[in-house]
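Engineer: Take this sequence and fold it.
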Amino acid sequence: MKSEHAAMAGMESMPKDHTEMVRRMREKWLWTNFAVISLGVWLISSPFTFGYTSRAMMWSDVLSGGLLVFFSALALWPRFDFVGRWSVSFVGAWLQFAPLIFWAPTAAAYLNDTLVGIIAIVLSVLVPMMPGMAHHMEMKKPGPLIPPGWSFNPSSWHQRAPMIALAFMGWLASRYLAAFQLGYITTIWDPFFGHGTVNVLTSDVSKAFPISDAGLGAAAYTFEMLMGWMGGKERWRSMPWMVFFFFILVVPLGIVSITLIILQPLAVGSWCSVCLFTALVMLLMIPFAVDEVVATGQFLRRSVREGKSLWRTFWVGGTLDEVNDDQRTPKYGAPVSQLAGPMAWGVTAPWNLAASAVLGIWLMFSPAFFGTEGAAADSNHLVGALIVTVSVIVMAEVIRAGRFLNVLLGAWIIAAPWLLRGAGTSARYSDMLAGAFVILLSLPRGPVRERYAGWDRFIV
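Structural biologist: Next up is the predicted model:
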């Protein structure tokens, strides 16, 4: 109740005029506008400083730098604050793709554009929306920190930390692959598959993309990392649009990316160690992302039932009548030993799902062990990877029911070596045993340690 009274007092002290309210909240952070203006001037001068050899890249940087200067200056006026800052962020997003679209001939141009773009987005959008910086949407909407009926806050910084860290690792790995595709380095390291990484990165599948597919992956990880930082610990109700966009970027696009990577041995005939690492990073992010979108979906559903506009609540956020405080999440300065547990709330790794993932890995590499060829080998490569994918994703408690997909995959593994050519007798019996165990291991639910209000009935 104390936090509610403080928030209400803050509301009462706010000027009613929206422009004056924006002026008062932004005046402490106008330095971000001038910082972005400096970035714009830097970008304008970059083609002449770093000796760009691409005319398209030169004009892109000059025009982008000019837009950064213009929109940042425009945002100095309170009435144009929103338009100016978000326009700067869109220019920053463009800078992530410009070196890929124009195939920047030098590493300096690629590095310059992507880093300037990231800093521009951080200064224009992330900093004003960080907790403690008077984000007016949250100040106007006091309410619960934890979704009603939940046992933890899915938007806490502890919950987002694993996703931000994983996105950063994926970003570094993807930039390394992109550097090879863009011609900045001539050799690339692969500890397990020798020339396999080169085969994948120079394959017809990769060349079918109009831009570097590894560079596209690096851009995706960039946005995931930035969106993980955006908003406060109440963003499940204060920024529904951000939660859903983050979910779309991590889950559906992540699954597509993982699928493309696991198809490498089928389409290219080679494995790529660093590519598999990026797929693993993306796969591990998914279980940590789904609980927040469930909480936001419940909030939007409840808002609609209370007669509120779904469209407005989705974009502006809202609140609930009940108030609670987050007493469970460790506070700043807590012992390190207390920090790991909260990061994994909502994600558990039951032994049966871990065993299913191990069997999936075995199926991926068993064709090499038994000498399986043709369609039977392709089936093991693909379905084994899918079993691993399903087993890891459903470690998220809110979607634990998805483990039954492995029942179908296990049934196919049993039948496939008898229906497809290329499997020997030993490989057939191995697949039958693996498929049977996958089915049996998919039946137990495993422990569910947290509560999710009305969603609990779907966790079967």
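
Engineer: what about the helices in the stretch 301-450 of the chain?
Structural biologist: 310-316, 340-343, 351-370, 374-393, 405-419, 425-441 (DSSP state H, counting those that start in this stretch).

Engineer: which one of these is the most hemmed in?
Structural biologist: Burial of the helices of the stretch 301-450 of the chain is given as mean neighbour count (mean count of other Cβ atoms under 10 Å); helix 374-393 ranks first at a mean of 23. Quick note: C-beta positions are derived from backbone N, CA and C, even for glycine.

Engineer: Could you point out which residue ranges in the protein have low pLDDT?
Structural biologist: Along the chain, segments meeting pLDDT under 70 span 1-19, 21-23, 26, 130-141.

Engineer: and residue 48, how many neighbours?
Structural biologist: Number of residues near residue 48 (other Cβ atoms under 10 Å) recorded here: 11.

Engineer: Could you pull up the residues touching it?
Structural biologist: If you count contacts by Cβ atoms under 8 Å, 6 or more residues apart in numbering, residue 48 has none.

Engineer: Can you check my assumption that it lies in a strand?
Structural biologist: No. Going by DSSP: H, G, I helix; E, B strand; the rest coil, the assignment for residue 48 is helix, not a strand.

Engineer: Relative to residue 61, how far out is it?
Structural biologist: 10 Å (Cβ to Cβ, to the nearest Å).

Engineer: One more: residue 272?
Structural biologist: Distance from residue 272 to residue 61, counting by Cβ to Cβ: 32 Å.

Engineer: before we move on, what about residue 393?
Structural biologist: From residue 393 to residue 61 the distance is 40 Å (Cβ to Cβ).

Engineer: wait, doesn't residue 406 sit right on residue 390?
Structural biologist: Yes. If you go by Cβ atoms under 8 Å, residue 406 and residue 390 touch, sitting 5.2 Å apart.

Engineer: Give me the common contacts of the two.
Structural biologist: In contact with both residue 406 and residue 390: residue 356, using Cβ under 8 Å, 6+ apart.

Engineer: unless I'm mixing things up, residue 439 is touching residue 411, no?
Structural biologist: Yes. Between residue 439 and residue 411 there is a contact under Cβ under 8 Å: 6.7 Å.

Engineer: I would like the residues contacting stretch 235-244, please.
Structural biologist: Against stretch 235-244 from outside (Cβ under 8 Å, 6+ apart): 129, 135, 137-138, 141, 143-144, 147, 153-155, 227, 230-232, 292-293, 295-296, 299-300, 313-315, 317-320.

Engineer: With stretch 285-292 instead?
Structural biologist: So stretch 285-292 is contacted by 154-155, 159, 162-163, 166-167, 170, 224, 236, 243, 246-247, 250-251, 254-255, 346-347, 392-399, 452 (Cβ under 8 Å, 6+ apart).

Engineer: If any of those are buried, give me the ChimeraX selection for them.
Structural biologist: To isolate the buried ones among those in ChimeraX, judged by 16 or more other Cβ atoms under 10 Å, type:
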select :154,155,159,162,163,166,167,170,224,236,243,246,247,250,251,254,346,347,392,393,394,395,396,397,398,399,452
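
Engineer: Out of the contacts of stretch 285-292, which sit inside strands?
Structural biologist: Members of these lying in strands (criterion: DSSP state E): none.

Engineer: Now do residue 195: how many residues are near it, please.
Structural biologist: Other residues lying near residue 195 total 10 when counted by other Cβ under 10 Å.

Engineer: so who does the closest residue to it other than its chain neighbours touch?
Structural biologist: Distance criterion Cβ to Cβ, 6 or more residues apart in numbering; nearest residue to residue 195, sequence neighbours excluded, is residue 270 at 7.5 Å. When contacts are counted by Cβ under 8 Å, 6+ apart, residue 270 touches 193, 195, 196, 197, 199, 200, 203, 264.

Engineer: measure the nearest residue to residue 434 once chain neighbours are set aside to residue 262 for me?
Structural biologist: Sequence neighbours aside, residue 359 is the residue nearest to residue 434 in space, at 5.1 Å (criterion: Cβ to Cβ, 6+ apart). Separation of residue 359 from residue 262 (Cβ to Cβ): 15 Å.

Engineer: ditto for residue 363
Structural biologist: In terms of Cβ to Cβ, residue 363 sits 12 Å off from residue 262.

Engineer: and what of residue 164?
Structural biologist: From residue 164 to residue 262 the distance is 25 Å (Cβ to Cβ).

Engineer: Just want to know which of those two has more residues nearby.
Structural biologist: Relative neighbour count places residue 262 above the other of residue 164 and residue 262, with 22 against 17, counting by other Cβ under 10 Å.
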